[in-house]
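Trainee: I'll drop the sequence and a predicted model, then ask my questions.
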Amino acid sequence: TLQSTPEPTPTPEPMQLADWPALSLAEWPRPANDNGLCMHNIGEQYYDEQNLSLQISRLKEMNIRWTVLLYGDENMLKIAAPMFRDAGITVIWRKMLRADERYFDWGRDIQVLRDLGVEPYMQLYNEPSLSAEWNEGIDQARFMENFLSAVTQVYNAGGYVGVQQVDDAWLVTALDEIKRRGGEKVFGRMFLIPHPYGLNHPPDYTADTNGVLGFLDQARIVSETIGFVPPMIAGEGGWKWNATDDANYPPIDAERHRDYHLEVFNWFRTGQLSNGQPLPDTLLAFCPWLLSSKLDDSAWFDSFYGDHTPTIDAVKALP
């Protein structure tokens, strides 16, 4: 019986990339007097100067020098970027897109930021393996085409390529697809955005990756895939209010919410993680969810539960 020969996998078109120099770890831009402290900002993609001014004042009162900010369009960048620049707060910008949406103005957005003297840290999509991030059903191949287009545009415009995946297999696929297209230059200007949520596990939890130390596992996976660990900024993470995910541990009440977040922020003061390991110099910042929202009881300010004042006051009191 004749056996059919499998069709060879077609070689994809190579990525057409500019020739930007790779950044050493020391060359990655950081805010003045960097302390690694960050918050994911408001959950909205459209805002005005009054709202942003309030949020900036809150960040400054807590001595927080990084933030993750959604934006809906170029006009939001033009409003927000100068305000955060003048406040000395470095922003990781996250264009509000679903995983099945192609966007053609990444380069324009990067240019807007660069023209305003703002470091172009750009997150490309968000948790694309989850159905909540799709208008239609999940289609990994479709996402990968959108993602690779975004990578090319952001890199070529001089932006920093922020890769965000909560599924490790999707993360490896994304990196492998860049390599298959000869795009290894991207890795020299790429940063990783893990989402290390603690559930209701304590900060030193390491039984699996469902803890705030879970970013270490993603760092290992990326290192095995591309040969090194890029800079990391934990874009969402920490502890949600009243989390009860694991029955073996108590809920996240006001005391644990305060003490656990304080311990993570203290990593950057002591240079030591909660498991006793040294703080990796590749972890630039840790951004708990969420600074302000009227719709989310995990928001530190303005939630329908009320402000999480013990946590806020404890962070303000950090030396």
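Mentor: Structure's in. What do you need? Numbers count the residues shown, from 1 in each chain.
Trainee: alpha carbons only for contacts and neighbour counts from here, please
Mentor: Fine.
Trainee: so what's the backbone phi/psi at residue 216?
Mentor: When read as degrees, to the nearest 10, the backbone of residue 216 gives phi -60, psi -40.
Trainee: Check the gap between it and residue 192 for me.
Mentor: Counting by Cα to Cα, to the nearest Å, the gap from residue 216 to residue 192 is 11 Å.
Trainee: go on, residue 106?
Mentor: 18 Å.
Trainee: do residue 13 as well
Mentor: Relative to residue 192, and taking Cα to Cα, residue 13 is found at 25 Å.
Trainee: neighbour-wise, which of these two wins?
Mentor: residue 192 (25 against 9; other Cα atoms under 10 Å).
Trainee: Just give the nearest non-adjacent residue to residue 297, would you?
Mentor: Spatial nearest neighbour of residue 297, excluding adjacent residues (Cα to Cα, 6 or more residues apart in numbering): residue 303 at 4.9 Å.
Trainee: In terms of pLDDT, where does that neighbour sit?
Mentor: Per-residue pLDDT puts residue 303 at 96.
Trainee: and what of residue 10?
Mentor: 75.
Trainee: Same question for residue 7.
Mentor: 60.
Trainee: and the residue nearest to residue 297, how many neighbours?
Mentor: 18.
Trainee: shouldn't it be in contact with residue 290?
Mentor: No - between residue 303 and residue 290 there is no contact, the gap being 9.8 Å when judged by Cα atoms under 8 Å.
Trainee: Buried ones in the helix or strand harbouring residue 80, by neighbour count?
Mentor: Element membership for residue 80 (DSSP states H and E) is helix 74-87. Using 16 or more other Cα atoms under 10 Å as the burial criterion, the residues of helix 74-87 that qualify are 74, 76, 77, 80, 81, 83, 84, 85.
Trainee: If I follow the layout properly, the fifth one ends up in contact with residue 113?
Mentor: Yes - between residue 81 and residue 113 a contact is recorded at 6.9 Å, counting by Cα under 8 Å.
Trainee: And the pLDDT at the spatially most central residue of the chain?
Mentor: Geometric centre of the chain, nearest residue: residue 235, 2.8 Å, by Cα atoms, centre = their mean. On the pLDDT scale, residue 235 is placed at 98.
Trainee: hang on, isn't it packed against residue 66?
Mentor: No - judged on Cα under 8 Å, residue 235 makes no contact with residue 66 at a distance of 10.1 Å.
Trainee: which residues are common contacts for the two?
Mentor: Counting by Cα atoms under 8 Å, 6 or more residues apart in numbering, the common neighbours of residue 235 and residue 66 are residue 287.
Trainee: Tell me which stretches of the stretch 51-200 of the chain form helices.
Mentor: For the stretch 51-200 of the chain, helices defined by DSSP state H, counting those that start in this stretch occupy the ranges 74-87, 106-115, 140-156, 168-180.
Trainee: Would you mind saying which of those helices lies nearest residue 22?
Mentor: Between residue 22 and those, the shortest gap by Cα to Cα is with helix 140-156, which sits at 11.1 Å.
Trainee: Need the residues that contact the closest one.
Mentor: 15-18, 20, 99-104, 106-107, 110, 122, 124-125, 128-129, 160-161, 174, 177-178, 186, 189.
Trainee: Give the buried subset of the residues you listed as a PyMOL selection command.
Mentor: Of these, the buried ones go into a single PyMOL selection, burial set by 16+ other Cα under 10 Å:
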select buried, resi 15+17+99+100+106+107+110+122+124+125+128+129+160+161+174+177+178+186+189
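Trainee: Filter the contacts of helix 140-156 down to the ones in strands?
Mentor: 122, 124, 160, 161 (DSSP state E).
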